[in-house]
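Q: Predicted model follows, preceded by the sequence.
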Amino acid sequence: MADVPALELRGVTKRFGSLVANDGVDLDLRAGEVHALLGENGAGKSTLMNVLYGLHQPDEGEVLVRGEPVRIDSPRRAIELGIGMVHQHFMLIPVMTVAENIVLADEPTRGALLDRAAARERVRELSDRYGLAVDPDAVVEDVTVGQQQRVEILRALYRGAEVLVLDEPTAVLTAQETAELFAVLRELKRRGAAVVFISHKLGEVLEVADRITVLQRGRKVATLDAADATEPELARLMVGREVLFRLDKAAARPGEALLELDDVHASDDRGLPALDGLSLTVRAGEIVGIAGVDGNGQSELVECVTGLRAPTAGAIRVGGTDVAGRGVRECLAAGVGHIPEDRHRRGLVLPFDLAENLALREYRRPPLARHGLLSPKRLRALARPRLETYDVRGGDVDTPAASLSGGNQQKVVIARELEQDPRVLVAAQPTRGLDVGAIEFVHRRLLEQRAEDRAVLLVSLELEELRSVADRLLVISDGRIVAEFGPDASDEELGLAMTSGAGAAPRHGERSEPE
Amino acid sequence: MSLPPEVPPAEVGATTSAARLSGFMRGGLAVPLLTALLAFVAGGLVVLATGRNPLSTYKAIFDGSGLNWLFPWISSDDRTLAALNLQQTLIITVPLILVGLAVAIAFRGGLFNIGGQGQYTMGTIAAVFVGTRLPGAPGLVHVLLAVLAAMAAGGLWAAIAGWLRASTGANEVISTIMLNYVALWLGVYLFGLDGPLQNTTQPSVPVSADIASSARLPVFWGDPELQGLHVGIFIALAGAALAWVLLNRSVAGYQIRAVGFNPDAAEYGGISAGRQQVKAMAICGLLAGLAGALDILGWQFRLATNDIQTSQIGFLGIAVALLGRNTAVGTVFAALLFGALVNGTSVRNLDPAVFPPALAGNLTLIIQGLIVLLVSAPVIATRLLGWRGRLARGGGSP
């Protein structure tokens, strides 16, 4: 069995115009293994899997299933060959039940009708067999993201998948859900399935995979046994250079208070209180990290400081000027820079080219604007050196932001914000979805800001990030700062403060009393 | 379902119909040309179904539009006739350019302006109102006042829909359609029998008084008595040039487009989405109102309730904008195409021996409808071009 791989790719090359997305990639998958495909954003992982799933045709190379060369020209053909795919973006019909979604396109029928009982039974049987607990009668839109992912996996298994491809499955999961997914993957492996696990998170890959194939800019650089691999080695293979996990950080020399929040109250989008008398101070030359369980007022805090949301009460002083409720332009003028938590929703106008995106904060001012007119020439002249300085790859000034990889998109956002020369920089989850190389880049930039005596407010859900970058950690719970720690605080200390900060600490939005 | 961290580019921003249609802008010139071609082929099949020859029908329509005037080899008699026809085509093209722009600019701001017709109607009403007053005013002043009044009326009309959208979230598609009706029946009331602006000389005819000669636009090509081409064509082209500058070279255009693509990112850039929506709609209304003014001052000189009720200019503007890919330059060419089509299929211009004139107008509507359909489903055209792979690439993560 181990002699003939369940699936093999030989010398697969896929080009898009001048871009070589996959360059002679070899990959073999054995039954009963979890094979991780590791690479930076844009390294060609998804393209390779799309080749496997019949969404792209390789320009060169061949695909073998159980030793037989095959041509996979459509997802339907892939399914016939026992290849199942769980996409990053679930392909489920939200209004239908779990069972209906799973049997979709291959329904058990009685006459012309769907045999619901049989469908439910088969789903139950499958979910028992693999330990994938789902409620067959639940409507998909009502279940959690983790559950939806299980439905996707079950659907693939229902169609007889023996090779299962999971495209960045943990990107949308909580830590708990991730642990559950890994248990499922181990069970699948035990039952002889071959699982491809795409990720750029090193820890996860080492935890769950048996073998790891690393892609770098479309080429396969190595396949190694997970047992022999280490994080620094994988990072080096992925990025192509040494990556420093520990940041060299000089001691902070905090100066004057640049950002002061005093008893700030604010409501969320539904009008429920989100900030409840929050006070904090960030000084020049220090990075203050905000730790907390998601949804405890972090977003509202960021929006209040950057002018996107007007607090209902309290003062927000930037260098002594109260900017509370003054709007984005005044906050910007007062020197607040903002790396938003969602670069697609807030940070970028994706169809705009890079020059236009880089101008988003200053398009109204000279030298870009003169007498109400904007010159593309001046936009580009401004953008070009910035793309260079911030090492934005994969596009030029007239490339739409949408076609850049996540890491490079984030570099564009950072370039734009830092070039505004902010006194106070608010960074909200600045490394979300980025690979190690890009994360390192972002962290270095944040430390540079500190060295230049700017005040940095870093909001993150990653404790590791907060500890390695921030000088002080403030724990937010239920819209208030409930504890302060140094950067050497342990997970336990922080976790306890995050969850027990406000007594029973119900999750934000689930409070019974809106006061 | 929470938002995954990496959204494929193809899906981003495609949340409104307007944003989806703006995707049609990609792909260069081939898509609109193919779209038009497909529409004409389908129209040809309809002609075939009526038992006529599609090729000779299209030839007759082409000749009827006067575009054969451009051919150096036609005889001088034909040229005289072609000149007359081409003048009529261009007279129709004038308002089509402007209402097309009124739809296109809204699209770029993420708004679907179905209200070009109502804004145009308000423009005609205002132009007639000013044009029939102030007798003896100097020509330039009179024209200027009438034009400004029409633009203000159209702009205001559109701004209502923009304001409703910005302040209450009312969908501009619905509100502009409703405002079309309000404008329509307002006009019918004003110029109808016993209406306050009905003419005084013929009480049985529901039409306005004629505008003063001082308010008429000069004719520069052809005989003024035979409805020659008025100078409004230059005003329309200037409007298109300004629209180009607005969209591509101005701070205001940057703001409008940013809001159109991504209101949240625009807000982050200090741009108020609501204000831009009102602004974009108002600009659109100014252009549609101007279209109404040029029609009244250029060749209609009066407004009958029947004209208001049968006018389709504003709706044609939607097809013009879509075919012109919501760009200023594209809109000008699409307007010329539709102007030629409308004029070439008119009862007066189409040779009855080739195609029954009674059906000809329907052919225009069929082609117009097909273009809107094909543009709304750009997949059809792009797939025919074999671009599936290239589009798929935009959606993947190479």
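A: Arrived safely, thanks for sending. Numbers count the residues shown, from 1 in each chain, chains lettered A, B, ... in the order given.

Q: Going by neighbour count, which residues of stretch B:152-169 are buried?
A: B:152-166 (16 or more other Cβ atoms under 10 Å in any protein chain shown). For glycine as for every other residue, the C-beta is placed from the backbone atoms N, C-alpha and C.

Q: then that stretch to PDB, C-alphas only?
A: Below are the C-alpha coordinates for stretch B:152-169, written out as PDB (Å, rounded to 0.1, in the frame of the first residue of the first chain):
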ATOM      1  CA  ALA B 152     -30.800  72.700 -11.200                       C
ATOM      2  CA  ALA B 153     -34.200  71.000 -11.600                       C
ATOM      3  CA  GLY B 154     -32.600  67.700 -12.700                       C
ATOM      4  CA  GLY B 155     -29.900  67.900 -10.100                       C
ATOM      5  CA  LEU B 156     -32.300  68.600  -7.300                       C
ATOM      6  CA  TRP B 157     -34.500  65.700  -8.500                       C
ATOM      7  CA  ALA B 158     -31.700  63.300  -8.400                       C
ATOM      8  CA  ALA B 159     -30.300  64.600  -5.100                       C
ATOM      9  CA  ILE B 160     -33.600  63.700  -3.500                       C
ATOM     10  CA  ALA B 161     -32.900  60.000  -4.200                       C
ATOM     11  CA  GLY B 162     -29.300  60.400  -3.100                       C
ATOM     12  CA  TRP B 163     -30.400  62.100   0.100                       C
ATOM     13  CA  LEU B 164     -33.000  59.400   0.800                       C
ATOM     14  CA  ARG B 165     -30.300  56.700   0.300                       C
ATOM     15  CA  ALA B 166     -27.800  58.500   2.500                       C
ATOM     16  CA  SER B 167     -30.100  59.400   5.300                       C
ATOM     17  CA  THR B 168     -32.600  56.500   5.400                       C
ATOM     18  CA  GLY B 169     -30.900  53.800   3.400                       C
END
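
Q: pLDDT averaged over it - what is it?
A: For stretch B:152-169, the mean pLDDT works out to 96.

Q: What is the distance between that stretch and the centre of its chain?
A: 19 Å (Cα atoms, centre = their mean, to the nearest Å).

Q: Quickly check: stretch B:235-246 near chain A or not.
A: Yes: using Cβ under 8 Å from any Cβ of the partner chain, stretch B:235-246 comes into contact with chain A via B:Val245.

Q: can you list the residues that contact that stretch?
A: A:373, B:93-95, B:97-98, B:101, B:104-105, B:252-253, B:256, B:283, B:287, B:290-291, B:294, B:327-329, B:331-332 (Cβ atoms under 8 Å, 6 or more residues apart in numbering or on different chains).

Q: and what of stretch B:210-225?
A: B:83-84, B:87, B:127-128, B:130-139, B:142-143, B:146, B:199, B:228-232, B:294, B:296-298, B:301-302.

Q: Show me what counts as buried in it.
A: Buried-residue list, stretch B:210-225, by 16+ other Cβ under 10 Å: B:210-212, B:214-217, B:219, B:222.

Q: Just name the closest of the residues you listed to chain A, please.
A: B:Leu217 (29.3 Å; Cβ to the nearest Cβ).

Q: Can you give the distance of stretch A:32-48 from its chain's centre?
A: 16 Å.

Q: And the furthest pair within the buried residues of stretch B:210-225?
A: Spatially, the most separated pair among the buried residues of stretch B:210-225 is B:Ala212 and B:Gly222, at 22.0 Å (Cβ to Cβ).

Q: Can you tell me the centre-most residue of the chain?
A: Going with chain A. A:Gly433 (2.4 Å; Cα atoms, centre = their mean).

Q: wrong chain, I was asking about chain B
A: For chain B, the residue sitting closest to the mean C-alpha position, by Cα atoms, centre = their mean, is B:Gly317 at 2.3 Å.
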